[in-house]
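Undergrad: Sequence and predicted structure, then a few things I'm wondering about:
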Amino acid sequence: MTQNSYSLAELVIAACAEVWRDDGEVMATGIGPLPRIGAGLAKLSFAPAIQTTDGEVYYTSEPVGPGKRTAEPEFEGIANYDRVFSALWSGRRHALVGPVQIDRFGQANISVIGDHKKPKAAMLGARGFPGNSISHPNSFFFANHNKRAFVEGEVDFVCMAGYNPARYRNGGPPQGLDLRRIITNLCVMDFGGPDHQIRVISLHPGVTFEEVQDNTGFPLAKVVGDIPVTPAPTPEQLELIAKIDPNNVRATVFKDNPAGDRRAA
């Protein structure tokens with residue numbers, strides 16, 4: 001890459017960071033390397049009030065990237081269960097999570113693939129997804145945008161509440177449900193279409209809406225007019241990304257993904 005170029009991973013990190021813009025003082029949880037670096041980028045640039053952790057049990061004054069630590073972080077306080085769940089249940093958290101499946105309603109799955117009684121694959125179980133989904137804002141990251149992830153019909157096992165009226169007695173979602181953005185290797189989406197339909201709001205360089213739709217198991221909405229290109233990370237952001245991720249873990253995320261070969265000047 002030249003000095004003015006960036007990788008798909010760095011483009012995605014910058015897009016991930018944007019989910020926390022204007023959030024104020026909330027706990028920012030990025031699940032996986034790129035969302036985690038994205039939370040750190042947000043904190044060091046436009047969202048200094050967000051709270052980040054070392055990924056274990058402490059809040060830190062500066063973000064801690066994935067992989068081997070090159071320096072001991074400055075701890076701001078302990079992030080034990082009591083403090084974390086007090087923030088979570090009160091809505092003062094915004095998580096960027098990485099489920100295995102999502103459907104047109106925003107219902108997400110991290111539990112099983114196939115029938116729950118006899119699954120093809122068993123994974124984490126629902127864990128905290130049910131309560132998290134109605135307690136605080138959530139966004140999503142998918143490293144590989146395809147129909148196995150963006151499924152037709154419902155996900156194989158609903159772990160996270162979504163905007164499916166058939167799932168609720170009164171036809172309306174719970175009061176605390178707040179699904180915001182979806183970042184993938186192809187585009188950025190939100191739930192701003194009619195009746196919370198998933199909508200494409202930007203396309204990564206070289207990607208078309210038709211390509212995104214062909215890799216999605218349900219119809220997508222799109223913004224009015226020409227869909228903008230996902231904003232490139234600035235030179236300042238690239239410097240911060242390198243600071244947060246000195247181990248260059250970001251370079252491994254799209255290693256086996258053909259779309260990860262995209263480069264943009």
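TA: Structure received.
Undergrad: Look up how far Gln237 lies from Tyr59.
TA: Between Tyr59 and Gln237 the distance is 23 Å, computed by Cβ to Cβ, to the nearest Å. All C-beta spots, glycine's among them, are computed from the backbone N, C-alpha and C.
Undergrad: ok, now Glu74?
TA: Here Glu74 is placed at a distance of 22 Å from Gln237 (Cβ to Cβ).
Undergrad: which of the two has more neighbours?
TA: A side-by-side neighbour count of Glu74 and Gln237, using other Cβ atoms under 10 Å, places Gln237 first with 20 against 10.
Undergrad: residue contacts, the nearest residue to that one once chain neighbours are set aside?
TA: For Gln237, ignoring the flanking residues on the chain, the nearest one in space by Cβ to Cβ, 6 or more residues apart in numbering is Ala14 at 5.6 Å. Shown here is Ala14, whose contacts under the criterion Cβ atoms under 8 Å, 6 or more residues apart in numbering are 38, 41, 231-233, 237, 241.
Undergrad: do that again at 7 Å, thanks
TA: Residues in contact with Ala14, defined by Cβ atoms under 7 Å, 6 or more residues apart in numbering, are 41, 231, 233, 237.
Undergrad: Return the distance of the third one relative to Thr184.
TA: If you measure Pro233 against Thr184 using Cβ to Cβ, the figure is 17 Å.
Undergrad: Please work out the average pLDDT along the helix or strand Leu34 falls within.
TA: Per DSSP states H and E, Leu34 falls inside helix 33-44. Over the span of helix 33-44, the pLDDT mean works out to 96.
Undergrad: do the same with stretch 205-222
TA: In this model, stretch 205-222 carries a mean pLDDT of 97.
Undergrad: That one: which residues count as buried?
TA: Residues of stretch 205-222 classed as buried by neighbour count (16 or more other Cβ atoms under 10 Å): 207, 211-212, 215-218, 220-222.
Undergrad: Could you do stretch 227-235 as well?
TA: Neighbour counts over stretch 227-235 (16+ other Cβ under 10 Å) mark 227, 230, 232-233 as buried.
Undergrad: just stretch 44-52 next, same as before
TA: Within stretch 44-52, the residues that qualify as buried are 44, 47, 50-52, counting by 16+ other Cβ under 10 Å.
Undergrad: pretty sure the residue nearest to Gln237 belongs to a helix, no?
TA: Yes. The assignment for Ala14 is a helix, going by DSSP: H, G, I helix; E, B strand; the rest coil.
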